[in-house]
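Q: Below is the sequence, then the predicted model.
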Amino acid sequence: MTQQDTFFILAPVADGRAESLVSLLESMTLKPGLADPDNALVPFGRFDQLHVARFFLVEANTWRDVEAYGQPPRPFPLQLAFLGDVDGARQVFLRELVTHCADGLAEVFGHCEGVHEGTDLLRWMEDHHVEEAANYVNMRGRTVVQVHEEAALARALREELGRVVRVQGTADAFGLHQHLVEFVERQRASGQLRLTDPVRPTWRNRISGWIDLIALPLVILLLSPLLILLLPLFLLRLRMAERSDPEILPRPEDARIVDLGRYEDHDVTNPFSAFGDVKPGSFRRVVTTVALYLLNYAARHIYGRGYLTRVQTIHFARWVFVDDKRRVMFCSNYDGALESYMDDFVNKVAWGLNLVFSNGVGYPSTRFLIKGGAAQEAKFKRYLRNRQLPTQVWYKAYPGLTARDLARHGEIRKGLEQRPDGAKALRNWLAKI
């Protein structure tokens, strides 16, 4: 399986440079927020290992909410975030990025503190890289090259199948499958189609994965007597916190909603960026850390095959601790409109949202960490909207393709390489084309 990695560069914007930075970021786009893949500063489209990337300004819009807990508010300086998901190692990609885009990167990051003429950009980016606490990938190991090749295969098969049906009329499923197999063989031999063989995991990788898979359940099993003893104390402490935690859910200003909408729905996929405070105190910080650790484990071993619980519309997502775990950043890439995205979570996995987000300042009230919260739809949507940030520059390597499209293309390829068993299965496969 091809190694995949993430990067998240976060740096303070220099005083007085925010306005010119926004103008510079806007010059990289075709529409508000939608990156020009061939822009002069960072031409994302030339890197065939880059799935998604974004530049955006990180502003703590709700930083004063912590006053409701009797805590002094802690300002957060305006920062520039640059993040993405890549095939291969992060260090290799960033090195290639600097090699080809040094001038453009210097112009963008020149608006940040610590960057001046002669700065080693690669080292500076590594120094400002923030590791995610949890990361989700829709289909682990599926590369950008594979996505493009399988999309081209699906288009070619659709055209050929349509031609055959027009010329010959209806035909039996077995005959159509054999015809399409031979058609693809000819196309590959002539160089008109490419299907790169997927990278198979080595035995070392498999063993490492198995160890990672069983380590957590084993630790929980060994500690289970202690955990059982501590559980009542934890639940008591949790309910005390939940009953006293204030809800802070003002209605977002109309002008803000309109401004956020300028950056949405330019493609079948959208970016989402949100930033907020963790409820004060070591208890909530520990609960958030554990919740994100478990989420990251589940994303690696349970939910890396096309769905996050019952939600199938997310391509990539990550949760990142900032400011010594006082704040959390959430960034995702999802199919459809924001309203349907939020509805997906509310209707299908509200309890999962509560596990993590209920530790945020102002979140709708929960019971025992999983009940309530996001199930209160109107309140939950206000909470998210108040913390949502505009994404000034967002790039996706395969515009127009949803996560379900990618899954369907993979199924088409699989059925081509290994004939489905039986006429019904073959007809179902042909229907995908």
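A: That came in fine, so what should we check first?
Q: contacts and neighbour counts: CA atoms only from here.
A: Noted.
Q: Checking residue 341 next. Helix, strand or coil?
A: Put simply, residue 341 is helix when judged by DSSP: H, G, I helix; E, B strand; the rest coil.
Q: can I assume it is in contact with residue 334?
A: Yes - between residue 341 and residue 334 there is a contact at 7.2 Å, judged by C-alpha atoms under 8 Å.
Q: Mind checking which of the two has more residues around it?
A: More crowded of residue 341 and residue 334, by other C-alpha atoms under 10 Å: residue 334, with 21 against 17.
Q: Any idea how many residues pack against the closest residue in space to the more buried one that isn't next to it in sequence?
A: The shortest distance from residue 334 to any non-neighbouring residue, by C-alpha to C-alpha, 6 or more residues apart in numbering, is to residue 314 (4.3 Å). For residue 314, the count of nearby residues is 24 (other C-alpha under 10 Å).
Q: give the contact list for residue 314.
A: Applying C-alpha atoms under 8 Å, 6 or more residues apart in numbering, we find residue 314 in contact with 138, 307-308, 332-335, 403.
Q: re earlier: intersection of neighbour lists for residue 341 and residue 334?
A: Joint contacts of residue 341 and residue 334 (C-alpha under 8 Å, 6+ apart) are residue 313.
Q: Which of the three states applies to residue 55?
A: The three-state label given to residue 55 by three-state DSSP is strand.
Q: Just put the contacts of residue 314 in a markdown table and tack on secondary structure, pLDDT and distance to residue 87.
A: Converted to a markdown table, the contacts of residue 314 look like this (DSSP: H, G, I helix; E, B strand; the rest coil; pLDDT from 0 to 100; distance: C-alpha to C-alpha, whole Å):
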| residue | secondary structure | pLDDT | distance to residue 87 |
| --- | --- | --- | --- |
| 138 | coil | 94 | 14 |
| 307 | coil | 78 | 20 |
| 308 | strand | 80 | 20 |
| 332 | strand | 95 | 17 |
| 333 | strand | 96 | 16 |
| 334 | strand | 95 | 19 |
| 335 | strand | 96 | 21 |
| 403 | helix | 96 | 17 |
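Q: Show me what the helix or strand containing residue 205 is packed against.
A: Applying DSSP states H and E as the criterion places residue 205 in helix 203-244. Secondary-structure packing of helix 203-244 (3 or more C-alpha pairs under 8 Å, 6 or more residues apart in numbering; DSSP states H and E): strand 366-367.
Q: Go ahead and report the secondary structure state at residue 66.
A: Using three-state DSSP, the structure places residue 66 in helix.
Q: hang on, the earlier thing: distance check, the residue nearest to residue 334 against residue 399.
A: Distance, residue 314 to residue 399, by C-alpha to C-alpha, to the nearest Å: 14 Å.
Q: got it, and residue 85?
A: Going from residue 85 to residue 399 by C-alpha to C-alpha gives 15 Å.
Q: which one of the two has more residues nearby?
A: More crowded of residue 85 and residue 399, by other C-alpha under 10 Å: residue 85, with 22 against 11.
Q: Then that one would be within a strand, right?
A: Yes - under three-state DSSP, residue 85 sits within a strand.
Q: what comes up buried for the helix or strand hosting residue 166?
A: Using DSSP H and E, residue 166 sits in helix 144-168. Buried residues in helix 144-168, defined by neighbour count with 16 or more other C-alpha atoms under 10 Å: 144-154, 156-158, 160-161, 164.
Q: And for stretch 417-430?
A: 420, 426-427, 429-430.
Q: What of stretch 374-385?
A: For stretch 374-385, a neighbour-count test (16+ other C-alpha under 10 Å) marks 374-375, 377, 379-385 as buried.
Q: From these, pick the one nearest residue 110.
A: Nearest to residue 110 among those, counting by C-alpha to C-alpha, is residue 385 at 30.4 Å.
Q: Secondary structure of that closest one: a helix, I assume?
A: Yes - using three-state DSSP, the assignment for residue 385 is a helix.
Q: Would you agree it is in contact with residue 252?
A: Yes - counting by C-alpha under 8 Å, residue 385 does reach residue 252; the two are 6.8 Å apart.
Q: ok so, going back, possible to save the buried residues of stretch 417-430 as JSON lines with distance to residue 201 and pLDDT?
A: Below are the buried residues of stretch 417-430 laid out as JSON lines (distance: C-alpha to C-alpha, whole Å; pLDDT from 0 to 100):
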{"residue": "420", "distance to residue 201": "25", "pLDDT": "89"}
{"residue": "426", "distance to residue 201": "29", "pLDDT": "91"}
{"residue": "427", "distance to residue 201": "32", "pLDDT": "90"}
{"residue": "429", "distance to residue 201": "27", "pLDDT": "94"}
{"residue": "430", "distance to residue 201": "30", "pLDDT": "92"}
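Q: Output the below-cut-off pLDDT ranges for this protein.
A: Across the chain, the ranges flagged by pLDDT under 70 are 1, 169-171.
Q: now with 90?
A: For the chain, the stretches with pLDDT under 90 are 1-3, 117-118, 162, 164-175, 197-209, 301-312, 341-353, 356, 420-424.
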